[in-house]
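**Student:** Sequence first, predicted coordinates after that:
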There are 2 protein chains.
Amino acid sequence: MGVPQDKTMEPRQVTSSKLAVLRGHQIFCDLDANAFEQLCRYAKHATLKRGATIFSKGDPGNSLIAVISGTVKISISSPDGRSAILNLIGPGEIVGEVAVLDGQARTADATANSNCEIFVIDRREFLPFVRSQPALAMKFIELLCARLRWTSDQVEEVILQDLPGRLASALIRLTERHKVAQGGRTIAVTQQEISEMVGMSRESINKQLRAWASRNWVRLEHGAIVVLDIEPLQEIAGSGPDEN
Amino acid sequence: MGVPQDKTMEPRQVTSSKLAVLRGHQIFCDLDANAFEQLCRYAKHATLKRGATIFSKGDPGNSLIAVISGTVKISISSPDGRSAILNLIGPGEIVGEVAVLDGQARTADATANSNCEIFVIDRREFLPFVRSQPALAMKFIELLCARLRWTSDQVEEVILQDLPGRLASALIRLTERHKVAQGGRTIAVTQQEISEMVGMSRESINKQLRAWASRNWVRLEHGAIVVLDIEPLQEIAGSGPDEN
DNA sequence: GTCGTGTTGTGAAGCAGTTCACACGCGTAT
DNA sequence: ATACGCGTGTGAACTGCTTCACAACACGAC
């Protein structure tokens, strides 16, 4: 899904169209033709079924993953079964960069949240490549900064805000994230997923969403939430614990 | 404090001893002599009284701060007055790198948690410098990865663990952090500070700490906590919500 | 010293959010 | 069309943590 394919193309051309997607990744788009060709030699294509695990927390960080289609879920889970979703990574984005860059263990689990196509790039080949491409290193600095902002925002929300605040913040961040990819303000996540992102129970989330739905701030669909009026949500997310 | 000073030295030499401290920063230690001298021209020395604000969330990120002595508190606060401590940055460490590197607003407040000496480096001079020093860029990648791990760990704790788990995790992370700087397992923070790091009330933290103190896992001092036996804490931090 | 501010210690009451135990609806595979 | 599974909707009981309201103590300043 998402990758345009002309049915008259023979296999080699289909492959090159996937490479075109790789070329479009935020991280790789500024590479010169030579460097990109070199990168392509490192990249191995793979398809994943929904639910497949890509790596687990604690694994050695042997490879960088570039998402071509589908979404990858970054999550953690505690021994007693509870789990939390830290991020959802879509087409054009990168997964697993921290462990690849610093050589330490993976910080979280990564699984295919839908059927996925990915490129896998081995760390041993990729690290020297990054060192040889200062511009790419600067791109990674940008990426890491963005990740840090995302994660800091999460800490801030979870520590300082109550349920309505956290939920509102999560919805806002998700609309911003998906606004470019999707045209509208429809967020394709289940309530279960949202509850795991904000770290509160599915039931509580449901009740809050219904309260907002009755005010026409959101519309609830099957596996999706449509944000109708983002302003009151921004109001709630911006202020400390208070009204609704 | 912490900077060795010979009282017979005249001012210029005192300055150069402070530069020696700058030279020892994780980030700058690998620079060659030329580059370091260039960096020194950018760095302006400053002293801060405890409580002084260095920058606030939302400010433009105009400068990078290198801590020479004292500790800098990275925190956020909600409109209703609650606040959370995200990190405490000590001598030899860097503050404010994210906003400087990506040109966006500061993500949190930074204040002097004790009297501090710092070097301030202007973004307009520093950014081109980073670009001209690929090795420095790689250092920043390492730093950002470390920060991301620290912050991800916080999210994980706050979402998945209960009070004892979070407190234990916080203590462990703090002992690891300070183990190199300080010889022992004494953590120089008040219970108020810990409560803000963990995001729970001071009273609850106190009660939990007392319970552990009565088991001789920790000893409580004035403005400090001594970890006597880290193993049961690791046990508590490692498992999901359960026994004490 | 002794005053004052900041840190620590502790119990009682309250509440936000969880947990549990359901019922319903939609979508898809058979 | 029927059936199964997963997402959704909802109330009642429970609980971990907060809040409030103190008292006692340490330490630096005067």
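**Tutor:** Cool, got the structure.

**Student:** longest helix of chain A?
**Tutor:** If you go by DSSP state H, chain A has its longest helix at helix A:134-160.

**Student:** does it come close to DNA strand D?
**Tutor:** No - under the criterion of Cβ under 7 Å from any atom of the strand, DNA strand D is not reached by helix A:134-160; the shortest gap measures 9.4 Å. From N, CA and C alone the C-beta is placed, and that goes for glycine too.

**Student:** next helix or strand past the worst-scoring helix or strand of chain A on mean pLDDT?
**Tutor:** In chain A, no helix or strand scores lower on mean pLDDT, DSSP states H and E than helix A:11-23, which sits at a mean of 65. For helix A:11-23, the following helix or strand on the C-terminal side (DSSP states H and E) is helix A:33-42.

**Student:** check whether that following helix contacts chain B.
**Tutor:** No - against chain B, helix A:33-42 shows no contacts by Cβ under 8 Å from any Cβ of the partner chain, the least distance being 14.6 Å.

**Student:** Next SSE downstream of that helix?
**Tutor:** strand A:43-48.

**Student:** how about that next one: buried residues?
**Tutor:** Buried residues in strand A:43-48, counted by 16 or more other Cβ atoms under 10 Å in any protein chain shown: A:43, A:48.

**Student:** What's the mean pLDDT across that strand?
**Tutor:** The average pLDDT within strand A:43-48 is 92.

**Student:** what mean pLDDT does the longest helix of chain A have?
**Tutor:** Regarding helix A:134-160, the rounded mean pLDDT is 95.

**Student:** what's the following helix or strand after it?
**Tutor:** Counting by DSSP H and E, the next helix or strand C-terminal to helix A:134-160 is helix A:163-179.

**Student:** Show me the beta-bridge partners of the spatially most central residue of chain A.
**Tutor:** Against the mean C-alpha coordinate of chain A, by Cα atoms, centre = their mean, the closest residue is A:Ile89 at 1.9 Å. A:Ile89 has these beta-bridge partners by DSSP bridges: A:Val72.

**Student:** wait, it sits on A:Val67?
**Tutor:** Yes - assessed by Cβ atoms under 8 Å, A:Ile89 is found in contact with A:Val67 at 5.7 Å.

**Student:** shared neighbours of the two, anything?
**Tutor:** Taking Cβ atoms under 8 Å, 6 or more residues apart in numbering or on different chains as the contact rule, A:Ile89 and A:Val67 both touch A:Val95.

**Student:** if we can go back for a sec, anything in the longest helix of chain A near chain B?
**Tutor:** Yes - using Cβ under 8 Å from any Cβ, helix A:134-160 reaches chain B at A:134, A:137-138, A:140-142, A:144-149, A:151-156, A:158-160.

**Student:** With stretch A:76-87 instead?
**Tutor:** Yes - on the criterion Cβ under 8 Å from any Cβ, stretch A:76-87 is in touch with chain B at A:76-84, A:86.

**Student:** Now that stretch: buried residues?
**Tutor:** By neighbour count on 16+ other Cβ under 10 Å, the buried set for stretch A:76-87 is A:76-78, A:84-87.

**Student:** How far does it sit from its chain's centre?
**Tutor:** Stretch A:76-87 has its C-alpha centroid displaced from the chain centroid by 16 Å (Cα atoms, centre = their mean, to the nearest Å).

**Student:** Next, the distance between the ends of it.
**Tutor:** Length of stretch A:76-87, first residue to last, Cα to Cα, to the nearest Å: 10 Å.

**Student:** same deal with stretch A:186-205?
**Tutor:** The straight-line separation of the ends of stretch A:186-205 (Cα to Cα) is 17 Å.

**Student:** could you give the mean pLDDT of it?
**Tutor:** On average, the pLDDT along stretch A:186-205 is 94.

**Student:** what's that stretch in contact with?
**Tutor:** So stretch A:186-205 is contacted by A:75, A:83-85, A:88, A:157-158, A:163, A:166-167, A:170-171, A:174-175, A:178, A:182, A:206, A:209, A:221, A:223-227, B:158-160 (Cβ under 8 Å, 6+ apart).
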